[in-house]
Each structure stands twice: as structure tokens, then as C-alpha cells.
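Chemist: Below are the sequence and a predicted model; questions follow.
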Amino acid sequence: MGSTISERAELAKLCCSRDWSKAIRVLDSLLSQSCVIQDICNRAFCYSQLELHKHVIKDCDKALQLDPSLLQAYILKGRALSALGRKGDAFLVWEQGYEYAVHQSADLKQLLELKDLLACAKVDRTIVCEDHAMESSSSTLSISNLVKSSDTPELCSISSEIRSLSSDTVEVHSKLSDEAKRKQKVLATSFLKTKSISLDFRLSRGIAEDAYGHMLRTLGLRVEDVELLAHFDYFLVFCRTVLFNVLFSFPMSSSSSVLSHYSVYTLVILQVNEGKYAHAISIFDKILRENPTYPEALIGRGTAYAFQRKLDAAIADFSKSIELNPSAGEAWKRRGQARAALGESAIEDLTKALEFEPNSADILHERGIVHFKCKDYNAAVEDLSLCVMLDKDNKSAHTYLGLALSSIGEYRRAEDEHLKSIQLDQNFLEARAHLIQFYRDLADPVKALECLQQVLQINGRFTKAYHLRGLLRHGMGEHRAAIKDLSIELGIESSNIESLYLRASCYHAIGEYEDAVRDYDAVLDLELDSMENFVLQCLAFYQKELALYTASKINSEFCLFNIDENIDSLFKEYWCKRLHPKDVCERVYRQPSLRVSLKKGGVSKQDFVVTKQKAILLQAADSIGKKIQYNCPGFLPNRRQHRMAGLAAIEIAQKVSKVWRSLQAEWKYSSKNTAKNGKKSRRKERVHLSSQNRGGAYSSTSSSSETSTSYGITEDRSSDGSLMSWLDLYSLAVKWRQISEPCDPVMWVNKLSEEFNSGFGSHTPMILGQAKVVRYFPNYQRALNVAKTIMKQTMYVNNKEDVSIDLSKDGKLLNIMHAESCFDLYSAVGEDYWLATWCNSSAYEGKRLEGTRITLQKMGECGFDFAIRTPCTPKRWDEYDAEMTMQWEALCNAYCGELYGCTDFEMLENVRDAILRMTYYWYNFMPLSRGSAAVGYVVLLGLFLAANMEVTGSIPQGLQVDWEAILTSDPNSFVDSIKRWLYPSLKITTSWKDYPEVTSTLATTGSVVAALSSYDD
């Protein structure tokens, strides 16, 4: 109720200010909540003010269908038909309304208005004939001619009264004295016959009554002598109509100007303000034909063009006005606005406009928005901050200031500005939408959902709210709930490509492949209107193929779901890089149709049945998996990912424990032999065991042809407890990550066609332009310091052509050491560059492995791309493959000897350190196209569990484990930094051994999808 009252108050305010477009939006909202007939008529009236006659007719028809006695609807519909040139239809409508009114109880005022309209229509033919005769025989303009030639809608309702002024038969004025009626006639007749009225006819807001008095005095009449003030509204409409017709029915010249230029401009701008753009342009055209060098008329016409979205024509008019009068600040401002709308550079124009109006909140607001859209966030903050100082009630400026502040990482100030905007207008839904997005970006789902609820209470049909809630729920792993929201949005706005794509991905994730394919096809069929939509269409193609692939595996064992082996490498490469699928279509095998893929059935209801065994497993997985959550801005808690992580960690623990049991048996056997043959033989045998392990129990090869089978046979190799490589180990987690969010291209980089040879890898920015990336900017200062340290030690960096840049000359190194920002570092080097971090090898003494690359590239005038990029080349892969093999051997040797099955926490220190050390190299390796951070920590959880140690604590707030590894050159330093908070949270336990086996409890791909897609709310 409160919302409706607030909207009606806003409606009244908008109508008083003649903001008809916004009034229509408010009425749309009201009608969506309750279909009130008067609101339909009110919307028809607003449409009539914008000269949208067909919309008027449509609303009037709807109103009359609900209530045939509604006279207002007959009046408005007739006027709309008349304006469209359908005079006969208009007459019939008015006649129908009049006949209805005289036989029923009706509003007498509207009845009289209908009568007048009918009278006007009946004499229309006579008027046309008289117009022609008058035009050829006399220079005096008749009242009938004025009425007929006017486009002003209000004129029809007073036309009969104007005629009565000529014949002294005005019944409405019957109570006036004879003298008053005589003076009224004199006034009208004198006004009509005059072709040169030298007056300042001011019809701007607030001074209409002065204009009325001014007109009477100019014609020699005094207001107090004429009893017409009671009919001021009638007379004002009459005067405005007459002025337009007198003005534009005769040629204009400098010697016989009808009104001053100021008066003309004021009158026509009034038309623009009322949304009558075409009418205003036609008037300006007439003015400019007589006076082509009239700057104000050019500005006015340009403004009307801009409202019609004819931006090139608008810019041409503004430019010509500037040529004629370079001091016309308004022209500079308007041209800047038009250029900004076209996506062209507008800053120069708006800056010039500010020279004429340095304290103009309007221009500062406009330039601030342009700066924001050009991603010059610092300049936007400066302009918009000044704007809100000058105009504290500018809700749009507060909103954009909040957006700009958020982009540069000033989150508290940003939130304050968003809230101020909403405080100024509780119904400002766009501001609330920006605040929701702000909370989502910061990973604050509680505040985001609270704000969403408020928006939907204000307007239950606000599609953006459903879209944002769908996005939020998708990001939290609540795909079914996301589908509901996106479906509501698409029910209102069916062609939203982003929502169709997102809903398709949700259906895909939960195993509803028919619906997923339908939505992917809908995305592919939509018309393109932007590069963003083109990218979505490309992704829809690839993900439809993946959906068909997964559907074909849905009733097979989960071990047979193997994207890395079964999907063509070119397809995966193009998917990761979001390239056009043309080459893929021509060169790659396409998946069979959905009918073929699902011929054995889709995800069955049985898959969703939660047995006792399954319930135990899922509860344990949820508890364990939550430990992967980063407590940092930008990382939403995701229930689906948590469950995935827990199930993967338990499966890893179960399979690794089998491998370790087998290795422990081998160790026992070898120990017995060495006990018999002496220490020398024992030492020799243990070395032999390690060498065997490299090609046996922990084997992994560098060549892609050999490794291609390693994770395709994981089940066979590990089921009997005999064989597992580090690659097999991590592939378990990779497969779970792939199935949990199937639209994330999580791929082994060495499986991406020829791109592997050219060093394809990940790109993780901390700064993009001037924007501080909310997830990764917290690592910015540390990365900057690491970069400076490496430059000091190596004395060189590499440019984008991989050519070394010597830093020992021209004082570059000194400037680098004093650098405090990307700008300083870039200025010191002088061009785009990259440098490589390193990590010390544990496998090969004295060897350094290339870690990640810290890159700095200039973006635009004052922005930078400061990021880490991790390329994976064959040489680098071989080096890390050897390192990971050694670390896996070291871990197995540490646990599978005398410590096997140990539950003494202190004695397991070497095991713990070995797990962290292998994790360190994984993070520096980064061998996946994405998802390396999650996969690395999932494996860590699984390995600790296999060694009877469960991680019970969360990752500390603000810490990202993968970045700790990437920005640390020595594995021992990484171990020391992580163990401080991780080891105290470890709990010795063997209860995990009682968990049901993952591979038998969730045997098929369908059962895995079902487990990830069902929660007990």
C-alpha cells in the first residue's frame, strides 16, 4: 500500500512537470499491480501529450471494453484519430460517446466537451472551403483557418467557442457583462488580424499569467476591465494556439517578424519539453529557412533530433551553432551529450562548456558519466564529487559516483553514495539495482538479497531484479532457484540473451539437458547487437556440444566422463579462447543430437533418491568442502562447489589410501629382505624402489602421447591399489571441477591443440585500466614489491616482443626502486614489459623453475593492465612434471614407511610438509586453463585426510593460498607461512574410513550430477 501511495505521489509530480515519459512508466508499474480503468485513461492522456496516437487508441479501446460509459476514453480516442487524419472515424467515436452520455448518467463537463468536439467536426468541411477562399482573397486570417491549421490537441475542445466570439453566441460566457463580451471579442479579433505583434509572449513555467496580462496590455486592454480571469486556462490555450498559427502561416522576414526570437524559441522549446519532437522540428525548419544563422534555433532543433535518437543530425546542428557562436555554452554541452550517446569522445566539448559555466552541476554530471563510461574512473570521481557538492539532490550523480568509487576500490564511500541516491528517491530502482550488483561483487549475499526483496516490493515486474537474483543464486550454486528467477524475467522480456544463456547453463549443470539445449538454441537464433552478445553466442555453441556430450555419458560410469580425452583439442582451445566456432564446425566431430544422446535416458529420479549411505557421504562432503572457501571480497560462498570439493577430497583420500597401502606392503617386503642382507643391500634396495616408483607406482611422463592415457585409466590403475601418478591424483579433482560447473572451461593446458606449444596460459589481473579487480587487488602491493625485487636482482625485463630491456642504464633502476605505483614502474621502464618470478627446485639442487609472469601493459591514456600470466610451454611442462613427480614420490616415501597409519600428530610433520610442498609447486605450475586454485586445495584436503588428518579450520580472512605460493620464491618459506594457521586446525581422525565409497555410492555420471544438484534447505 505504501509503495502505491508513493508511486501516485510521484505520478502527480511528474505530470505537473510535464514529464510524460516517466509518468507512463509509473502508470505501467501501477497497472501491473492492479488494472484500474482510470489509470488506463491516464496513460492514454500521457501518450496523447507525446503525440503517440496509436498508443492512445489502444488504451482507450481497452478502457471502453472494461467500461463503455467512460466519456474520457471517447474524447481521447477521437482526438487521436483526428490527429492521425481519420476525421470521419473521430466523428463517429465522439458521436457514439455523446449518444451514450445523453442516455446515461454522465460527467456534464465531459458531455459539454463532447458536444463541442462534435460541433467542430460537423463544420470541418465548411472550414476547409472557407480556408481556401480566405487564403486567395484576403490577408486577414480567419478563426476557422487558425483552428484547422493547428496541430495543438487542445484546440478542438475550444473551437466552437472561438467561433462564438465572432458571432456573440458564446453560451459559456453568458454570465459576463455585455461590455466584457464586447472587449473579449475585440481582444480576439484584434489579436487574430494583427500580423505584427511586438510582445514578449512568455509561456515558460511560472510566468504564464504575466504573459496573459502582458498580451492584454499590449492590445490596449486592462486585465481589470475584462472579466476573463476565471477563464484563464481556456484563454491561455487559445492564445498559444493562435500565436503558433499566426507565426507559421505567413512568411517570416526581418522586417515583419511576428514575435521576437526569444519568444519563438521559448514557444518551440515548450513543444520539445512536452515530447512533441516532430512538431518542434517542423517549426524550427521554418524558422531556419528564413534565418539560417539563428544559433538558438539550431540548438533547439538539434535537441529535438537528439531526443529522436537522430544523433548525427543533432551533432550537425550543434556544430553549426558553435561555428556561428563559439561562446554558446549550451551548444558545446549538447554536442558533448550527443557524441557521448554515439560512443564518440565527448570530453572536449563538455570541458569547453564548463569554461562558460564553471559551476554547472549539470555539465559536471554529464562529464562525470562520460568519464565513467570511458573507464576514466578517477576523473569521474572528481567531476561527480563536485557535482553532488553543487547539487546534493542529484540522485543520478550519487549513483554514478558510487559506481566510480567502487571501480577504484573505495567500497565504503561507494556504498554511502548508493544509499544517498536511494534516500533521495526510494523508488529509484536503477540505483537499487546498482547497489545489489555492488553487494554481489563484494560477495555479500545477505545484503544483496535484502536489497532485492525491497526492489520487488516496490515493483514486482522489475526484470533486472530477477536477473540479478538469478546471477546471485547461480554464483552461490543454487541453480534451481536461479532458473526460477530467470524464467520470471524471461516471461516479461523473452529476448534477453544473457538471461537465456545463464538459464541454459543452469539447466546444463543440473542435468536437464533438453531445456539446456533449447535455451542454447534460442541464444544462437537471436539477432546480434553487440560484441558481448557475440561472445555469448560463441559460448552457447560450445556449451551445447558439451551438454550433448554429458547427456550421452549420463548413465555410464563416472570414470567414462572424460572431457580431456574425448573432446577434440581444437574444440577445447576455441572454447577457452571464446573464438568463432566456424573452424570447429568444419574440422571437428560434432556431438550426436539430443535424441541420440538420451536414448538410454537422462538423469533418473532414482539418482535423486537420498539413501542412508548417500546421506552420510553428502553430509561429510558438505562439511569438508566448505574449507576451500576464500574469506575475501569477491568470493561468493557456493554450496555446489563446496559439495564438489568435499566429494572429490573424500574420493582422493579413499584412492590414495589404497595406493599407499600397496606401497606400504612393498616397503615391508623390501625391509625384510634388507634386514637379511645387511645395511648396504638395504640402502641399495631403497634407492631402487624410488627409481621403480618413477616409472611405476608414481609414474608420469612428459610426452603428451603417453600422458594422454594416464587419466583415462585412473579407475583401472587405482582400483587394485597399485598405480597412481601425480597427474592421476590431480585429474580426480579436475574431473569433479569440470562436472560441477560445466560452463567453466577447466582444461589441462597441454591438451589444447597447438596452443600448448605457443604458451597458452592463465591471465589474472589485479588492475584493469583504472579499475581495481575486487578479488585480486589485495595482492597488488605485494606483487609490486616482488616485481621491484626481481628487477633489482636481474637488472632486466622483457618487452612484449620478448626482447630484453637493460635496466642498468639511464637511472632506470633508481626510479624503479622509488616507484610506488604502476604509473611509476611503467614510467621508469618506458614500455610494456613482463618479468618472471621463480621458485627453487627441490628435485634438482640449485635449479630455478620459472614461476609466473608479472606483466605491466598500458591501457588507454592513464590506465594499466597489471596482472600475473602463467604460460605453459612444453619445456616448462617437462620441468614441472619432473618436479611434481619428485614431490609425489617424497610424500609417498614419507608416509608409506614406518609412519604408515600413524596417528601421532608430531611424528607426521614430514608428511604435512610434503603435502604443502607439492601444493606449492602445483600453484606455481598452474597447468589448467582455469580452476587451478580450487583443484590445488581440494587435493590438499584429500591428502591430509588420507594421512588421517582432517582440516577443520577455515582459510584466514584476506588470505589466498595460491597467491601465497605464486609470490614466494622458496617452497620452505611457503610451508612456514601456511603451517602457522593450517597445522593448528588439523585433527587426527580415522572416521573418514567409515564413509561410503564415493565411486560405488555415486557410480554413474547421472548420480554425480544429482548429488551436486540437490540440497536440504
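Modeler: Perfect, thanks for sending it.

Chemist: Kindly report the domain assignment for this structure.
Modeler: 1-126, 611-668+726-746+876-1012, 761-871 (the TED database).

Chemist: Pick out the shakiest of those, pLDDT-wise.
Modeler: Comparing mean pLDDT across the domains of the chain, the weakest is domain 1-126, with a mean of 79.

Chemist: From the chain's centroid, how far away is that domain?
Modeler: For domain 1-126, the distance from its own C-alpha centre to the chain's C-alpha centre is 38 Å (CA atoms, centre = their mean, to the nearest Å).

Chemist: Does residue 327 lie in a helix or a strand, and which?
Modeler: Using DSSP states H and E, residue 327 is not contained in any helix or strand.

Chemist: Excluding sequence neighbours, find me the nearest residue to it.
Modeler: residue 356 (6.7 Å; CB to CB, 6 or more residues apart in numbering). No exception for glycine: its C-beta is placed from N, CA and C like everyone else's.

Chemist: Residue 978 now?
Modeler: Computed as CB to CB, 6+ apart, the closest residue to residue 978 that is not its neighbour in sequence is residue 916, at 5.6 Å.

Chemist: do the same with residue 740
Modeler: Nearest one to residue 740, counting by CB to CB, 6+ apart, is residue 644 at 3.7 Å.

Chemist: Please give the element, helix or strand, for the one you found.
Modeler: Here residue 644, judged by DSSP H and E, is contained in helix 639-695.

Chemist: Could you do residue 939 as well?
Modeler: Using DSSP H and E, residue 939 sits within helix 932-946.

Chemist: just checking, what packs against that helix?
Modeler: Applying 3 or more CB pairs under 8 Å, 6 or more residues apart in numbering; DSSP states H and E, we find helix 932-946 packed against helix 639-695, helix 726-740, helix 909-925, strand 949-951, helix 961-966.

Chemist: can you map out the helices along the stretch 401-550 of the chain?
Modeler: Counting by DSSP state H, counting those that start in this stretch, the stretch 401-550 of the chain has helices at residues 411-424, 429-441, 445-458, 463-475, 479-492, 497-510, 513-525, 531-552.

Chemist: For the stretch 151-300 of the chain, give me the ranges with low pLDDT.
Modeler: Applying pLDDT under 70 to the stretch 151-300 of the chain flags the ranges 151-270.

Chemist: average model confidence for stretch 527-539?
Modeler: On average, stretch 527-539 scores 82.

Chemist: That should have said stretch 365-375, apologies.
Modeler: On average, the pLDDT along stretch 365-375 is 92.

Chemist: got the contact list for it?
Modeler: Stretch 365-375 is contacted by residues 333, 336-337, 340, 346-347, 350-351, 354, 377, 379-384, 387, 391, 394, 396-397, 400-401, 403-404, 407, 769-771, 860, 863 when judged by CB atoms under 8 Å, 6 or more residues apart in numbering.

Chemist: swap in stretch 782-801?
Modeler: For stretch 782-801, contacts defined as CB under 8 Å, 6+ apart pick out 766, 804-808, 813, 816-817, 819, 821-822, 825, 829, 831-837, 854, 856-857, 866, 868, 963, 967.

Chemist: can I get the helices and strands packed on helix 932-946 in a markdown table with mean neighbour count?
Modeler: Shown next, in a markdown table, are those (neighbours: other CB atoms under 10 Å):
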| stretch | mean neighbour count |
| --- | --- |
| helix 639-695 | 18 |
| helix 726-740 | 24 |
| helix 909-925 | 23 |
| strand 949-951 | 21 |
| helix 961-966 | 23 |
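
Chemist: Using JSON lines, please lay out those together with distance to residue 458.
Modeler: Below are these laid out as JSON lines (distance: least, CB to CB, whole Å):
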{"stretch": "helix 639-695", "distance to residue 458": "29"}
{"stretch": "helix 726-740", "distance to residue 458": "36"}
{"stretch": "helix 909-925", "distance to residue 458": "46"}
{"stretch": "strand 949-951", "distance to residue 458": "45"}
{"stretch": "helix 961-966", "distance to residue 458": "41"}
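
Chemist: dump the residue contacts of the nearest residue to residue 966 once chain neighbours are set aside.
Modeler: Excluding the flanking residues, the one nearest residue 966 by CB to CB, 6+ apart is residue 852, at 5.2 Å. By CB under 8 Å, 6+ apart, residue 852 lies in contact with 836-837, 868-870, 924, 926, 966.

Chemist: Report the secondary structure element holding residue 852.
Modeler: Using DSSP H and E, the element containing residue 852 is strand 848-859.

Chemist: In that strand, which residues are buried?
Modeler: Within strand 848-859, the residues that qualify as buried are 849-857, 859, counting by 16 or more other CB atoms under 10 Å.

Chemist: now, which of those residues sits nearest residue 573?
Modeler: Nearest to residue 573 among the buried residues of strand 848-859, counting by CB to CB, is residue 853 at 20.4 Å.

Chemist: partners of that closest one in the sheet?
Modeler: Per DSSP bridges, the residues bridged to residue 853 are residue 836, residue 869.

Chemist: so how far is residue 490 from the nearest residue to residue 523 once chain neighbours are set aside?
Modeler: Nearest residue to residue 523 in three dimensions, chain neighbours excluded: residue 540, at 4.0 Å (CB to CB, 6+ apart). To residue 490, residue 540 is 15 Å away according to CB to CB, to the nearest Å.

Chemist: These two: which is more packed in?
Modeler: Neighbours were counted for residue 540 and for residue 490 using other CB atoms under 10 Å; residue 540 has more, 25 against 20.

Chemist: So the more buried one sits against residue 526, correct?
Modeler: No - using CB atoms under 8 Å, residue 540 is not in contact with residue 526, being 9.5 Å away.

Chemist: Just give the number of residues close to residue 314.
Modeler: Other residues within reach of residue 314, judged by other CB under 10 Å, total 26.

Chemist: next one: residue 881
Modeler: For residue 881, the neighbour count with other CB under 10 Å is 21.

Chemist: Which helix or which strand is home to it?
Modeler: Assigned by DSSP H and E, residue 881 belongs to helix 874-895.

Chemist: and residue 646, what does it touch?
Modeler: Under the criterion of CB under 8 Å, 6+ apart, the neighbours of residue 646 are 620-626.

Chemist: cool, residue 382 as well?
Modeler: Residue 382 is in contact with residue 368, counting by CB under 8 Å, 6+ apart.

Chemist: how far off helix 411-424 does the strand or helix carrying it point, in degrees?
Modeler: Residue 382 is part of helix 377-390 when elements are defined by DSSP H and E. Counting by axes from the mean of the first three to the mean of the last three CA atoms, to 10 degrees, helix 377-390 points 40 degrees away from the direction of helix 411-424.

Chemist: so how many other residues sit close to the closest residue to residue 831 other than its chain neighbours?
Modeler: Nearest non-adjacent residue to residue 831, counting by CB to CB, 6+ apart: residue 799, 5.7 Å away. Other residues lying near residue 799 total 14 when counted by other CB under 10 Å.

Chemist: Tell me what residue 799 is bridged to.
Modeler: With DSSP bridges as the criterion, residue 799 is bridged to residue 833.

Chemist: re earlier: buried set for the helix holding residue 881?
Modeler: Quick answer for helix 874-895 (16+ other CB under 10 Å): 876-877, 879-895.

Chemist: which one of the helices of the stretch 401-550 of the chain is the most hemmed in?
Modeler: Neighbour counts (mean count of other CB atoms under 10 Å) averaged over each of the helices of the stretch 401-550 of the chain peak at helix 497-510, with a mean of 24.

Chemist: residues contacting the closest residue to residue 504 other than its chain neighbours?
Modeler: Among residues not flanking residue 504 along the chain, residue 519 sits closest, at 3.4 Å (CB to CB, 6+ apart). Contacts for residue 519 were tallied using CB under 8 Å, 6+ apart; they are 500-501, 503-504, 507.
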